[in-house]
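> Quick one, fold the following:
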Amino acid sequence: MPDSVRKAVIALWVTIALSAVAALIDRLTGQLTDGMFLFYLIIYALTCIIPYKVSNGSNAARFVFLILFVFSILAWIGGPEDMEQPKWSTIVGYLIAGVDVFIIYWLFKFESKSWFNVT
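Numbering: from 1, shown residues only. As a prediction, this is how the structure comes out:
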């Protein structure tokens, strides 16, 4: 596994863990209902598939990550402004958006190409 892919996989796991911790803090402070907290955890659990598949050389997984990133940024920009967002999830979301840019860079570097069997 190229170093760039290894960094991306580690960063993906860290961002998922940080998101889950932020959701837990928001739940404990009463900013998330039980139902929303459970929904967040299900989403994070499904997201765990991406670093797993990337670490196994799945080219589709890196494109799925890229597409999810683009859609999440568009939803974030175009979402309702009057909707109250959980404090810690929002703060961590800003941090993760920056990290995601690096993850995309690492996943699509030239040296990563051979790991994903792209010719």
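
> In which helix or strand does Ile73 reside?
helix 59-78 (DSSP states H and E).

> List the buried residues in the lengthiest helix in the chain.
Ranked by number of residues, the top helix in the chain under DSSP state H is helix 3-28. For helix 3-28, a neighbour-count test (16 or more other C-beta atoms under 10 Å) marks 4-5, 7-9, 11-12, 15-16, 18-20, 22-27 as buried. C-betas here are computed from N, CA, C, even on glycine.

> Now do it against helix 59-78, angle only.
Counting by axes from the mean of the first three to the mean of the last three C-alpha atoms, to 10 degrees, helix 3-28 points 40 degrees away from the direction of helix 59-78.

> sorry, back to before: model confidence over the helix holding Ile73, on average?
Averaged over helix 59-78, pLDDT sits at 87.

> So what touches it?
Outside helix 59-78, the residues that touch it by C-beta atoms under 8 Å, 6 or more residues apart in numbering are 12, 49-50, 53-54, 93, 97, 100, 103-104, 107-108, 112, 116-118.

> Give me the next element, helix or strand, following it.
Downstream of helix 59-78, the first helix or strand assigned by DSSP H and E is helix 87-107.

> one step back: give me the buried entries from the contacts of helix 59-78.
Buried subset of the contacts of helix 59-78 (neighbour count, 16+ other C-beta under 10 Å): 12, 50, 53-54, 93, 100, 103-104, 107-108, 112, 116.

> Good, we can wrap up now.
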